[in-house]
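K.L.:
here you go, sequence then predicted model.
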Amino acid sequence: MDFTSSPLINGLEARMRYAQSRQKVVSDNIANADTPGYEARTLAEPDFSSVLSAVSAGPGRVAKPHIVMPAAFAALGSHMAAHDNSIKDPHVSETKPNGNTVNLEDQLMEMSKTQMEYGELTNIYKKQMGLFRLALGNR
């Protein structure tokens, strides 16, 4: 049995990838804080309908495919588009005279929230792996 393919581990990995993408969007916002006309972006919340349809997909039903970057592209330094599900930030608190909507305080708060979430997910992942090792008799 492959313990790394349990639903809990898969869910943790998916949420960690989401946090990573969110961190990328926030860092792009910060990098463009002085770019005239730049509009702050955020990630759309994950759509769980695809997860539900994949779980409920019985015989004769096909789940929505998931696109994965080939390893050769990753080795060349290519990145998956972090903004494939990014949207304009609906919670913009101010617009600068040059049309830029990035608020550094908001972005830093979002960055720290993302960092805390990623740390929590990492701890849960470590504890789950420790439980697997304990169950197998390897401390």
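P.N.:
Yes, it's here.
K.L.:
which strands and helices lie in contact with the helix with the most length in the chain?
P.N.:
Using DSSP state H, we find that the single longest helix of the chain is helix 104-136. On a contact count with 3 or more Cβ pairs under 8 Å, 6 or more residues apart in numbering; DSSP states H and E, helix 104-136 meets helix 7-31. (C-beta placed from N, C-alpha, C; glycine too.)
K.L.:
swap the cut-off to 10 Å and go again
P.N.:
If you count contacts as 3 or more Cβ pairs under 10 Å, 6 or more residues apart in numbering; DSSP states H and E, helix 104-136 packs onto helix 7-31, strand 41-43.
K.L.:
looking at these, which is closest to Met111?
P.N.:
Nearest of these to Met111, taken as Cβ to Cβ: helix 7-31 at 4.9 Å.
K.L.:
picking that back up, the longest helix of the chain to helix 7-31, inter-axis angle?
P.N.:
For helix 104-136 against helix 7-31, the angle between stretch directions is 160 degrees (axes from the mean of the first three to the mean of the last three Cα atoms, to 10 degrees).
K.L.:
pLDDT of helix 104-136, averaged?
P.N.:
Helix 104-136 carries an average pLDDT of 91.
K.L.:
re the thing from before, what would the helices and strands packed on helix 104-136 look like in JSON lines with mean neighbour count?
P.N.:
Below are those laid out as JSON lines (neighbours: other Cβ atoms under 10 Å):
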{"stretch": "helix 7-31", "mean neighbour count": "16"}
{"stretch": "strand 41-43", "mean neighbour count": "20"}
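K.L.:
Gly99: what secondary structure?
P.N.:
coil (DSSP: H, G, I helix; E, B strand; the rest coil).
K.L.:
name the nearest residue to it, ignoring sequence neighbours.
P.N.:
Gly37 (4.2 Å; Cβ to Cβ, 6 or more residues apart in numbering).
K.L.:
against Lys126, how distant is the one you found?
P.N.:
43 Å (Cβ to Cβ, to the nearest Å).
K.L.:
check Arg41 too.
P.N.:
31 Å.
K.L.:
how about Glu105?
P.N.:
Going from Glu105 to Lys126 by Cβ to Cβ gives 32 Å.
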